[in-house]
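Chemist: Got a predicted structure plus its sequence, pasted below:
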Amino acid sequence: MHKNNWTCFLLILAGIVIGGFIGSLFPDTWLNYGKSFGLTTPLILDLEILVITFGLTIKITIASIIGIAAAIIIYRFI
């Protein structure tokens, strides 16, 4: 049986989201321990008639890593 790469991607994305949600439910526990990285201040491109703002921050927590691991395990059993 051929496994679809999109299925793996969507499962991992769902694992990140659900893990982040669980981490936010328990803010003072080890589940919410993590690191944020990215652009701390947004990059602004002002073209007089159009202003574009770029920004990206990623927060990796223990809960999101557990969610990724669970998604990979679920994908292996599909």
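Modeler: Perfect, thanks for sending it.
Chemist: so where is the protein shaky, pLDDT-wise?
Modeler: 1-2 (pLDDT under 70).
Chemist: Spatially central residue in it, please.
Modeler: With distances taken as Cα atoms, centre = their mean, the chain has I16 as the residue nearest its mean C-alpha position (4.7 Å).
Chemist: State the helix or strand in which it lies.
Modeler: Per DSSP states H and E: I16 is located in helix 5-25.
Chemist: quick one: buried residues of that helix?
Modeler: 8, 11-12, 15-16, 18-20, 22-23 (16 or more other Cβ atoms under 10 Å). (Glycine included, C-beta is placed from N, CA and C.)
Chemist: Turn those residues into a markdown table, columns for distance to I68.
Modeler: Listed next are those as a markdown table, based on distance: Cβ to Cβ, whole Å:
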| residue | distance to I68 |
| --- | --- |
| C8 | 11 |
| L11 | 9 |
| I12 | 6 |
| G15 | 5 |
| I16 | 6 |
| I18 | 10 |
| G19 | 7 |
| G20 | 11 |
| I22 | 12 |
| G23 | 12 |
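Chemist: for those, which one is nearest A69?
Modeler: Set against A69, the nearest of the buried residues of helix 5-25 by Cβ to Cβ is G15 (7.6 Å).
Chemist: Can you show me the helices along this protein?
Modeler: 5-25, 62-77 (DSSP state H).
Chemist: Y33 is nearest to which of those?
Modeler: Nearest of the helices of the chain (Cβ to Cβ): helix 62-77, 5.4 Å.
Chemist: what are the phi and psi angles of the closest residue to L39 other than its chain neighbours?
Modeler: Spatial nearest neighbour of L39, chain neighbours left out: G55 (5.1 Å); criterion: Cβ to Cβ, 6 or more residues apart in numbering. Phi and psi for G55, reported as degrees, to the nearest 10, are phi -160, psi 140.
Chemist: so who does G55 touch?
Modeler: 38-39, 41-43 (Cβ atoms under 8 Å, 6 or more residues apart in numbering).
Chemist: N32 too?
Modeler: Taking Cβ under 8 Å, 6+ apart, we find N32 in contact with 23-24, 26, 61-63.
Chemist: And these, which is closest to I49?
Modeler: I49 lies nearest to S24 out of the contacts of N32, by Cβ to Cβ, at 38.8 Å.
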